[in-house]
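Asker: Compute the structure for the input listed below.
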Amino acid sequence: RILKQVADRGLLRAEHVFIDSTHVKASANKLKFTKKVVRKETRAYQSLLEEEINADREENGKKPFPPDKWDREEEKEIKESTTDPESGYYVKDEREKKFAYSCQRKCPCRRCLLLLP
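Answerer: I've put the predicted structure just below:
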């Protein structure tokens, strides 16, 4: 909605837009969390990749992979803040661990416009 208003006034063109991402510290204690096991999100184009891999294997004289090879449910353990469950656990290195939000900023070439979540 904001981008539409800016574009309607002629302040934004689709020629060059620069996008940057950073982490913004959440208002959450990094020591107060619960561990949770969640299912990993699969890629939207997973079936296309499977078909392409099997077609390539057949072209090279190999047997295609069986369908049950792709049907594994993968899970991972995450840390969920008890004070701010919408934030994610960010680890930069051994010293810097915190709950944070991923924030994207978009700037057109000539004029600067910051969009915060």
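Asker: where does this protein dip in pLDDT?
Answerer: Along the chain, the model assigns pLDDT under 70 to residues 13-17, 41-45, 69-73, 107-117.
Asker: Okay, now the sheet partners of the helix or strand harbouring Ile19, with direction.
Answerer: Using DSSP states H and E, Ile19 sits within strand 17-25. Taking DSSP bridges as the criterion, strand 17-25 forms sheet pairs with strand 97-108 (antiparallel).
Asker: For Glu51, see how far away the residue with the largest distance to the centre of the chain is.
Answerer: The centre of the chain is farthest from one residue, Gly61, which by Cα atoms, centre = their mean lies 36.9 Å away. Gly61 sits 18 Å away from Glu51, taking Cβ to Cβ, to the nearest Å as the criterion. C-betas here are computed from N, CA, C, even on glycine.
Asker: and what of Ser27?
Answerer: For Ser27, the distance to Glu51 (Cβ to Cβ) stands at 46 Å.
Asker: same check, this time on Pro64
Answerer: Per Cβ to Cβ, Pro64 is found 9 Å from Glu51.
Asker: if I look at Phe18, how far off is Arg105?
Answerer: Counting by Cβ to Cβ, the gap from Phe18 to Arg105 is 9 Å.
Asker: Just want to know which of these two has more residues nearby.
Answerer: The neighbour count for Phe18 versus Arg105, taken as other Cβ atoms under 10 Å, is higher for Arg105 (14 against 10).
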